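K.L.:
Predicted model and sequence follow; I will ask about them next.
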Amino acid sequence: MQISSSLKQFGSNEDPVWQARVDLAASFRWFARLDMHEGVANHLSVAVSPDGGQFLMNRAGRHFSKVRASDLLLLDAHGDREAMGPDAPDPTAWHIHARLHALLPQARCVMHLHSKYATALSALADSTLYPIDQNTMRFFGRVALDDAFPGMALNDDEGDRLASRLTDGKSVLMMGNHGVLVTGPTVARAFDELFYFERACETLITCYMTGKPIRIVSDEIAALTERQWAEYQGLAEAHLREVKAILDVEEPDYRT
C-alpha cells in the first residue's frame with residue numbers, strides 16, 4: 001500500500017477527489033466548533049474509488065480544528081498499516097474504517113465520533129433512540145445497535161463486527177459503551193446525519209434528565225416522519241455548503 005505522492009499538492013474545485021478532501025476537512029472543522037470531537041481521537045473517512053477500497057482519512061494526532069484538505073491520507077483498505085511507516089493512521093481508525101470500506105462499498109463516507117450525547121445514550125442499558133420529536137423520528141428504523149464492545153479497536157475483528165451490524169438499510173450504528181458511527185453516500189449526507197443524530201440524542205437525554213415520562217409517538221407516525229425526512233431533498237447539501245461558506249471567511253486554510 002502506498003500513500004499518494006501528491007498528498008501535499010493542492011487540487012482544483014473540478015477534481016472530485018479534491019472536492020471530497022475539502023468537504024471532509026470542512027466536516028472536521030465544524031465538528032470541532034460544535035465540541036463533538038474528543039482530543040485528537042475519532043475519525044472521518046470517504047471513499048474515492050468505485051469499489052470503496054481507496055479512501056481518505058485523517059492523520060493520527062491531528063486536532064479536528066487544524067485539519068486541512070491536503071492533510072488527509074489516501075489509503076488502501078486492502079493494504080498493510082504496518083508498512084505505512086510514519087504516515088500510518090491511528091490503529092483504531094484503521095481497523096474500523098479500512099474494514100468498513102472493504103466490506104461495505106455502498107458506505108462511501110464513514111464518520112465515527114464519541115460525541116457527548118450519542119455516547120451517553122450508548123452507555124445506557126436501553127440505548128434506543130425513541131421517536132419523541134422530528135429529529136429522533138428521522139432515524140426511526142435506521143439505527144443498528146452493537147452491544148458487544150470488546151475493548152479498543154486494535155484488530156480487524158472490530159471492523160468486521162461493526163460492518164455486520166449495518167444491514168437491512170441501517171446507516172447509523174449505536175456503538176454500545178463507545179459512541180456512534182454513521183455511513184452515507186456522500187460527505188454532505190454523512191455530515192448532516194451525524195449532526196442531526198447528536199441533536200436527537202441531546203433531546204432524548206435532556207428529557208430523561210427531567211425525570212418525567214416521555215411522550216413516544218406511534219410507529220406509524222414515526223415511520224411517516226422518517227419517510228418525509230428522506231424525501232426532503234437538498235437539505236444535507238445546503239447544510240454543508242453553508243458551513244463551507246462560513247469557513248471560507250473565518251478559516252479558509254481548511255481548503256489548502
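P.N.:
Yes, it's here. Numbering: from 1, shown residues only.

K.L.:
Now do the same for the nearest residue to residue 177 once chain neighbours are set aside: its pLDDT.
P.N.:
Distances taken as Cβ to Cβ, 6 or more residues apart in numbering place residue 149 nearest to residue 177, at 4.3 Å, with adjacent residues excluded. Where you see a C-beta, it was placed from the backbone N, CA and C, and this is true even at glycine. The model reports residue 149 with a pLDDT of 90.

K.L.:
and residue 149, what is it in contact with?
P.N.:
Residue 149 sits next to 175-178 when contact means Cβ atoms under 8 Å, 6 or more residues apart in numbering.

K.L.:
Could you tell me which of those count as buried?
P.N.:
Among the contacts of residue 149, those buried by neighbour count (16 or more other Cβ atoms under 10 Å) are 175-176, 178.

K.L.:
And the helices in the stretch 51-200 of the chain?
P.N.:
Here the stretch 51-200 of the chain has its helices, by DSSP state H, counting those that start in this stretch, at 91-103, 116-122, 134-137, 156-165, 187-210.

K.L.:
And the third one, what does it pack against?
P.N.:
In other words, helix 134-137. Applying 3 or more Cβ pairs under 8 Å, 6 or more residues apart in numbering; DSSP states H and E, one finds that helix 134-137 contacts helix 187-210, helix 219-231.

K.L.:
For this structure, name the helix or strand with the lowest mean pLDDT.
P.N.:
Here the helix or strand of the chain ranked lowest by mean pLDDT, DSSP states H and E is helix 156-165, holding a mean of 93.

K.L.:
And for it, what's in contact with it?
P.N.:
Contacts with helix 156-165, where a contact means Cβ under 8 Å, 6+ apart, come from 95-100, 103-104, 144-146, 148, 150, 153, 173, 175, 181.

K.L.:
Tell me which of the helices of the stretch 51-200 of the chain is the most buried.
P.N.:
Neighbour counts (mean count of other Cβ atoms under 10 Å) averaged over each of those peak at helix 91-103, with a mean of 23.

K.L.:
and that one, what's its mean pLDDT?
P.N.:
Helix 91-103 comes out at a mean pLDDT of 95.

K.L.:
one step back: please tabulate the helices and strands packed on helix 134-137 in a markdown table and include mean pLDDT and distance to residue 75 as additional columns.
P.N.:
Shown next, in a markdown table, are these (pLDDT from 0 to 100; distance: least, Cβ to Cβ, whole Å):
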| stretch | mean pLDDT | distance to residue 75 |
| --- | --- | --- |
| helix 187-210 | 98 | 16 |
| helix 219-231 | 97 | 31 |
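
K.L.:
Could you save those as JSON lines and add columns showing distance to residue 22?
P.N.:
What follows is those, written out as JSON lines (distance: least, Cβ to Cβ, whole Å):
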{"stretch": "helix 187-210", "distance to residue 22": "9"}
{"stretch": "helix 219-231", "distance to residue 22": "26"}
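
K.L.:
so which of the ones you listed gets nearest residue 46?
P.N.:
Nearest to residue 46, of all the helices and strands packed on helix 134-137, is helix 187-210, at 5.4 Å by Cβ to Cβ.

K.L.:
For residue 254, which non-adjacent residue is closest in space?
P.N.:
According to Cβ to Cβ, 6+ apart, the nearest residue to residue 254 is residue 25 (4.6 Å).

K.L.:
Now do the same contact list for the one you found.
P.N.:
Contacts of residue 25 by Cβ under 8 Å, 6+ apart are 67-69, 71-72, 254-255.
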